[in-house]
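# I would like to see how this sequence folds:
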Amino acid sequence: MFLKRRTLIFILLIHVVLFLNAGNLRGEATIQPDELWVKAVQLASENQNLIPKNVHMQIREFNTKGKIKGTVESWLQFVETDNGKIENELIKKLEDGKDVTDSEKEEKGNRKKLEYNSDLSDFTLPFNPKIRQSLTVKRSDQIETKAGQVCAVYDFKCTNPKKEIFVGKAWLSLDGVPVVMSYGYDPLPKRLPKQLKEATHEVYYRYDNDGKWSLMYSKGKA
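Numbers count the residues shown, from 1 in each chain. This is a model prediction of the structure:
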């Protein structure tokens, strides 16, 4: 069953790695988006009300030698209240394989449901028409296969509502459907831990036969 808003299953995979090297976008001239990009923006606009119903989060922290220092895995369920707010309920949480669900709920004041304040808009940011004025996008000459689809490759740079600068790449199918998007920050936001040298995400999307386009999962490194 769908909530009042359209919903999807969204899996968020976060891998935390220290001291990685970041790449930068070259060529800052503003270039008008082409036909494929315009189609991608239109598709994203038509599906902007999608919200997650179930979230599975995996966080892995690695040391400088690439070995895992710790893992955290959480399962959350989201519901829309009568007044339109989104709340989440912690279903299960594991830390290094140990079930800490009960203690986690106690830390949050024994509240089963918490108001959902996370912003998923960053995962579709370059396709958001509201950031058009800050967007620089350039189609490369490359054609690559991503997630089993032949894609055109775009370099982009834009700014999110928090004034954080995104630099990344987007892979669009030859029909103009966003398939994969990767981005990093330039510079790193001050809200991130000082010891981090990089924070990047690679976002995968799904496109259903009924025309619904949505987030599928995201992999991140920081």
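# show me where the protein has helices.
Per DSSP state H, the chain has helices spanning 35-46, 101-107. These are given in chain order.
# give the buried residues for the first one.
So the one you mean is helix 35-46. Of the residues in helix 35-46, 36-37, 39-41, 43-44 count as buried by neighbour count, 16 or more other Cβ atoms under 10 Å. C-beta here means a position set from N, CA and C on the backbone, and glycine is covered the same way.
# and the residue nearest to the spatial centre of the chain, what does it touch?
Central residue check for the chain by Cα atoms, centre = their mean: the C-alpha nearest the mean position is that of F123, 3.3 Å away. Taking Cβ atoms under 8 Å, 6 or more residues apart in numbering as the contact definition, F123 lies against 181, 201, 203, 215, 218.
# what's around the third one, how many residues?
Residues contacting V203 under the criterion other Cβ atoms under 10 Å number 24.
# low-confidence ranges in the chain?
Residue ranges of the chain with pLDDT under 70: 1-33, 49-52, 84, 86, 108-120, 220, 222.
# just the strands in the protein please.
With DSSP state E, the ranges of strands along the chain come out as 7-16, 51-62, 68-80, 86-95, 98-99, 113-115, 136-146, 149-159, 165-173, 178-185, 200-207, 213-221.
# and of those strands, who's closest to E107?
Shortest distance between E107 and the strands of the chain, using Cβ to Cβ, is found for strand 86-95: 10.3 Å.
# quick one: list the elements packing against that closest one.
Contact analysis of strand 86-95 by 3 or more Cβ pairs under 8 Å, 6 or more residues apart in numbering; DSSP states H and E lists strand 68-80, helix 101-107, strand 113-115 as its packing neighbours.
# reformat these into JSON lines and put distance to N209 and mean neighbour count next to each item.
Output for the helices and strands packed on strand 86-95, formatted as JSON lines (distance: least, Cβ to Cβ, whole Å; neighbours: other Cβ atoms under 10 Å):
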{"stretch": "strand 68-80", "distance to N209": "25", "mean neighbour count": "15"}
{"stretch": "helix 101-107", "distance to N209": "37", "mean neighbour count": "12"}
{"stretch": "strand 113-115", "distance to N209": "33", "mean neighbour count": "13"}
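# so which of the ones you listed is nearest L188?
Among those, strand 68-80 comes nearest to L188, with 20.9 Å by Cβ to Cβ.
# and the closest one, how far out from the chain's middle?
Here strand 68-80 shows a centroid-to-chain-centroid distance of 15 Å under the convention Cα atoms, centre = their mean, to the nearest Å.
# run me through the strand neighbours of it, direction for each.
Based on DSSP bridges, the pairing partners of strand 68-80 within the sheet are strand 51-62 (antiparallel), strand 86-95 (antiparallel).
# and the angle for the first one with strand 213-221?
So the one you mean is strand 51-62. Taking axes from the mean of the first three to the mean of the last three Cα atoms, to 10 degrees, one finds strand 51-62 and strand 213-221 inclined to each other by 10 degrees.
# likewise for the shortest one?
In terms of direction (the same axes, to 10 degrees), strand 86-95 departs from strand 213-221 by 40 degrees.
# re the thing from before, quick check: which of the strands paired with strand 68-80 is nearest to R132?
Nearest to R132, of the strands paired with strand 68-80 and by Cβ to Cβ, is strand 51-62 at 23.3 Å.
# send the alpha carbons of that closest one over as PDB?
What follows is the C-alpha trace of strand 51-62 in PDB, where atoms were taken according to Å, rounded to 0.1, in the frame of the first residue of the first chain:
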ATOM      1  CA  ILE A  51       9.600   9.600  -0.100                       C
ATOM      2  CA  PRO A  52      11.200   6.500   1.400                       C
ATOM      3  CA  LYS A  53       9.000   3.900   3.100                       C
ATOM      4  CA  ASN A  54      11.700   1.500   4.200                       C
ATOM      5  CA  VAL A  55      15.400   2.400   4.700                       C
ATOM      6  CA  HIS A  56      18.200  -0.100   5.300                       C
ATOM      7  CA  MET A  57      21.400   1.700   6.300                       C
ATOM      8  CA  GLN A  58      24.900   0.100   6.400                       C
ATOM      9  CA  ILE A  59      27.800   2.100   7.700                       C
ATOM     10  CA  ARG A  60      31.300   0.700   7.600                       C
ATOM     11  CA  GLU A  61      34.400   2.500   8.900                       C
ATOM     12  CA  PHE A  62      37.800   1.600   7.500                       C
END
